[in-house]
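**Student:** Got a predicted model here, sequence first, then my questions.
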Amino acid sequence: MKKVNPFYEERAIPVGTYKELKNLCLKPYDKDTASPYTKTRVILMNGTEFEANWFMHQFNRHCNNNDIRRELAAIRRHEQQQQKMIASLKPIDETDLETTISYEQLAIDLTAILAKHVKDENVKSALDFALLEDFDHLYRFANLLEMEEGKSAKDIVKKYTEIMPGRPTIAEHRHPFDSINKFICNMSADLFTKLTANIITGAEQQTMNYYMNIANVHKSEMGRKLYSEIAMIEEQHVTEYGSLLDTNCSWLENWVMHEYTECYLYYSCYVDETDEDIKEIYEQMYLEECGHLQKAAEMLEKYEGKEWKCLFPCGGDFPELLKFDGNIDYIREVIENTVCYTKDREGYIEVQELPEKSDFRRYNKQVTKSENQVPSHMVIKEYIDKNGEDYRYQVKEHPIEELQKRDEDNTSVGR
Ligand SMILES: [Fe+2]
Ligand SMILES: [Fe+2]
Ligand SMILES: [Fe+2]
């Protein structure tokens, strides 16, 4: 792979070159012909821009230096423009539920790709753990989509991602105390580990925000309930991933890391993208991010006397780029080995090993007491009542025997 270092990118677009308002809306992809991963990349970059914006707003609110706050405002204005442009790539005829299928496909394949490559065991465990939960969400939403719109989610995810139960959503409701993880140290962690924690936190946060916003505008009662339940799990995921991030770095160091993450993601998307128009947009955005990054690095040096190189002891060359592809075998393996896991504070444990009085059991019972009214269970039950069996897309039999039956929704695995 050719070495790319955004700190030294000579084509970087300097901060202060704002777009005309008429250019903020771009030509959307065609939902019927676009690759599934063109859709997931748009969701990923939209979420990354949301994170950039909110991080910089929080920084502004915790900073007592107006010169720094002015520079933040200037770059944040760019981040806002970028977010509008990326968001406009989603076509108007793609329904909220169709978009949701792509959100979950992103959650699944992005998590699997990161988990396959990351070296830090603690971060890898967090990814494998939540992977099975987003995998299950895809299955629940796919059943809702078929029931409400008569559309097959397989036509959206194509052959890359299976649609079948993972760790059943009803088993995912855990006590908040169990959602905190050990945090990494930016000084000692390798670059890919740092990027992983940043990327997945932004992506899951976007999913959480999306469900928080659309639950009450969905047109059916069933859908409103399902979005609300799954949004509660996304809150857990955001807490789990967000608590992996280094808590000891300064706001300015964190800013540099945020811009670097944006550079890495746009560059990866640029290389990976198959739609020629969108590819060009990603390249443009990458060059803009290089401008942000170089400015943030300059601020770090000016106000903290630190060179960006202290944060990147191996230099700032990009590690292996993100490349979207199916992960069917990997996911099956994780299901086989860990479907019955739950969390026990910072660790993971087979649910059968937990005592009756554990926080997990206490909390899970509290919120799922009326099992037949748990939305993630209701949606499958309703689908089976109407169609005789659930909606799935599998390349072969489900690896867990209890989850093979298609005429009954299992609510005991993982609980
Ligand atoms: Fe950005
Ligand atoms: Fe998630
Ligand atoms: Fe940026």
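**Tutor:** Yep, that arrived. Numbering: from 1, shown residues only. Ligands and ions are numbered 1, 2, ... in the order given.

**Student:** what about the residue nearest to residue 36 when sequence neighbours are not counted, distance to ligand 1?
**Tutor:** Once flanking residues are discounted, residue 36 sits nearest to residue 158: 5.1 Å by C-beta to C-beta, 6 or more residues apart in numbering. For the C-beta atoms, the positions are set from N, CA and C on the backbone; glycine is no exception. Per C-beta to the ion, to the nearest Å, residue 158 is found 29 Å from ligand 1.

**Student:** number of nearby residues for residue 158?
**Tutor:** The tally of other residues near residue 158 (other C-beta atoms under 10 Å) stands at 13.

**Student:** Quick check: it vs residue 176, distance?
**Tutor:** In this view, residue 158 and residue 176 are 37 Å apart by C-beta to C-beta, to the nearest Å.

**Student:** Same question for residue 83.
**Tutor:** Taking C-beta to C-beta, one finds residue 83 at 30 Å from residue 176.

**Student:** of those two, who's got more company?
**Tutor:** Using other C-beta under 10 Å, the more surrounded residue of residue 83 and residue 176 is residue 83, with 19 against 11.

**Student:** Thought residue 54 was touching the more buried one, still the case?
**Tutor:** No - using C-beta atoms under 8 Å, residue 83 makes no contact with residue 54, being 10.7 Å away.

**Student:** Identify the residues contacting the spatially closest residue to residue 89 that is not a sequence neighbour.
**Tutor:** Nearest residue to residue 89, sequence neighbours excluded (C-beta to C-beta, 6+ apart): residue 42, at 4.8 Å. Contact analysis of residue 42 by C-beta atoms under 8 Å, 6 or more residues apart in numbering lists 29, 86-87, 89-90, 278.

**Student:** host element of residue 42?
**Tutor:** With elements taken from DSSP states H and E, the one containing residue 42 is helix 36-61.

**Student:** Same check on residue 230?
**Tutor:** Here residue 230 is assigned to helix 221-242, by DSSP H and E.

**Student:** ok, whatever helix or strand comes next after that helix near ligand 3 or not?
**Tutor:** Sequence-wise, the next helix or strand downstream of helix 221-242 (DSSP H and E) is helix 251-272. Yes - against ligand 3, helix 251-272 shows contacts by C-beta under 5 Å from the ion at 259, 262.

**Student:** anything in the very next helix or strand once past helix 251-272 sitting right up against ligand 3?
**Tutor:** Next helix or strand after helix 251-272 toward the C-terminus (DSSP H and E): helix 276-304. Yes - figure legend: helix 276-304 in contact with ligand 3 (C-beta under 5 Å from the ion); contacting residues 289, 292.

**Student:** For whichever helix or strand comes after helix 276-304, name the packing helices and strands.
**Tutor:** Per DSSP H and E, helix 276-304 leads on to helix 328-338 as the next helix or strand towards the C-terminus. Secondary-structure packing of helix 328-338 (3 or more C-beta pairs under 8 Å, 6 or more residues apart in numbering; DSSP states H and E): helix 96-117, helix 121-149.

**Student:** Now do the residue nearest to residue 89, the pLDDT please.
**Tutor:** Residue 42 is assigned 98 on the pLDDT scale.

**Student:** now swap in the one 5 residues further on and tell me
**Tutor:** You'll see residue 47 listed with a pLDDT of 98.

**Student:** just checking, residue 196 touches residue 126?
**Tutor:** No - counting by C-beta under 8 Å, residue 196 stays clear of residue 126, with 9.5 Å between them.

**Student:** Pick out whichever of these two has more residues nearby.
**Tutor:** Neighbour tally, residue 196 and residue 126, criterion other C-beta under 10 Å: the higher count belongs to residue 196, 31 against 28.

**Student:** what's the distance between that one and residue 202?
**Tutor:** 11 Å.

**Student:** Next, the buried residues of stretch 388-407.
**Tutor:** Neighbour-count burial for stretch 388-407 flags 390-393, 398-400, 403, 406 (criterion: 16 or more other C-beta atoms under 10 Å).

**Student:** Residues in contact with the helix or strand just after the helix holding residue 42: which ones?
**Tutor:** The C-terminal neighbour of helix 36-61 among helices and strands, as given by DSSP H and E, is helix 66-87. Helix 66-87 is contacted from outside by 15-16, 18-19, 23-26, 42, 45-46, 49-50, 52-53, 56-57, 59-60, 63, 252, 255, 281, 285, 288, 292, 295-296, 299, 303, using C-beta under 8 Å, 6+ apart.

**Student:** residues from this structure in reach of ligand 2?
**Tutor:** Counting by C-beta under 5 Å from the ion, the chain comes close to ligand 2 at 107, 134, 204, 234, 237.

**Student:** Enumerate every residue touching the fourth one.
**Tutor:** Going back to what we said before, that points to residue 234. 204, 207-208, 211.

**Student:** The first one now?
**Tutor:** Residue 107 is in contact with 134, 137-138, 203-204, 207, counting by C-beta under 8 Å, 6+ apart.

**Student:** out of those, which is most surrounded?
**Tutor:** Most surrounded of these: other C-beta under 10 Å gives residue 203, at 29 neighbours.

**Student:** Tell me which helix or strand that one sits in.
**Tutor:** Using DSSP H and E, residue 203 sits in helix 191-214.

**Student:** May I see the buried residues of that helix?
**Tutor:** For helix 191-214, using 16+ other C-beta under 10 Å, the buried residues are 191-211, 214.

**Student:** distance between it and the chain's centre?
**Tutor:** 4 Å (C-alpha atoms, centre = their mean, to the nearest Å).

**Student:** now stretch 211-220
**Tutor:** Per C-alpha atoms, centre = their mean, the centroid offset for stretch 211-220 relative to its chain is 19 Å.

**Student:** Repeat that for stretch 336-354.
**Tutor:** Using C-alpha atoms, centre = their mean, the offset of stretch 336-354 from its chain centre is 22 Å.
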